[in-house]
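> Could you work out the structure for the sequence below:
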Amino acid sequence: MAKHDPDLNLKFAALGDETRREVVSRLARGPASVSELASAHAMALPSFMGHLSRLEAAGLIETTKKGRVRYCRLSADGIAPVTHWLAEQQALWTSRMDQFDAYVAKIVKERTDET
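You can find the predicted model right below:
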């Protein structure tokens with residue numbers, strides 16, 4: 001079994017919420033202030049800050065403060081463990097489906113050879 005990032009569960013839990021995925025998508029275009037990010041969501045600021053806290057705790061975003069304004073940006077390597085795990089799963093399932101296709105083709109060939 002491959003060794004994965006110990007925070008992988010935190011990352012997937014953080015990405016399991018639509019609001020947080022939208023924040024990540026927005027930050028993929030570049031850094032933004034908390035107020036800019038919050039303006040796109042119909043919720044109280046403390047609730048929105050909870051979403052940012054989950055993303056930051058998962059290592060997906062980083063925040064900095066300049067004066068009275070807090071800015072968010074994607075963490076440079078935050079999503080890498082997620083994409084690595086997903087790539088491993090895709091390779092595994094592609095291999096399994098190829099094996100299944102070969103098995104079905106073998107059975108079909110055997111049945112057509114019998115007739």
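> Now do the helices in this structure.
Residue ranges of the helices in the chain, as given by DSSP state H, are 8-15, 18-27, 34-39, 45-57, 80-114.
> between those helices, which gets nearest to G67?
The closest of those to G67 is helix 34-39. By CB to CB, the value is 12.9 Å. Any C-beta I mention is one placed from the backbone N, CA and C, and that applies to glycine too.
> Enumerate every residue touching S47.
Not one residue lies near S47 by CB atoms under 8 Å, 6 or more residues apart in numbering.
> Tally up the residues packed near V24, please.
18 (other CB atoms under 10 Å).
> Just the pLDDT for it.
At V24, the predicted lDDT confidence score is 97.
> ok, back up a step: of the helices of the chain, which is nearest V69?
helix 34-39 (7.6 Å).
> which strands and helices sit next to the closest one?
Helices and strands touching helix 34-39, by 3 or more CB pairs under 8 Å, 6 or more residues apart in numbering; DSSP states H and E, are helix 18-27, helix 45-57, strand 69-74.
> And the contacts of the first one?
For helix 18-27, the surrounding residues in contact (CB under 8 Å, 6+ apart) are 14-15, 32, 37, 40-41, 43, 48, 51-52, 54-55, 60-61, 72-74, 79.
> Filter those down to the buried ones.
The neighbour-count test (16 or more other CB atoms under 10 Å) marks 14-15, 32, 37, 48, 51-52, 54-55, 60-61, 72, 74, 79 as buried among these.
> would you list the helices and strands packed on helix 34-39 in JSON lines and tack on distance to Y103?
Output for the helices and strands packed on helix 34-39, formatted as JSON lines (distance: least, CB to CB, whole Å):
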{"stretch": "helix 18-27", "distance to Y103": "37"}
{"stretch": "helix 45-57", "distance to Y103": "43"}
{"stretch": "strand 69-74", "distance to Y103": "43"}
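> ok so, going back, which of the helices of the chain comes out lowest on mean pLDDT?
Out of the helices of the chain, helix 80-114 stands lowest, with a mean of 87 (criterion: mean pLDDT).
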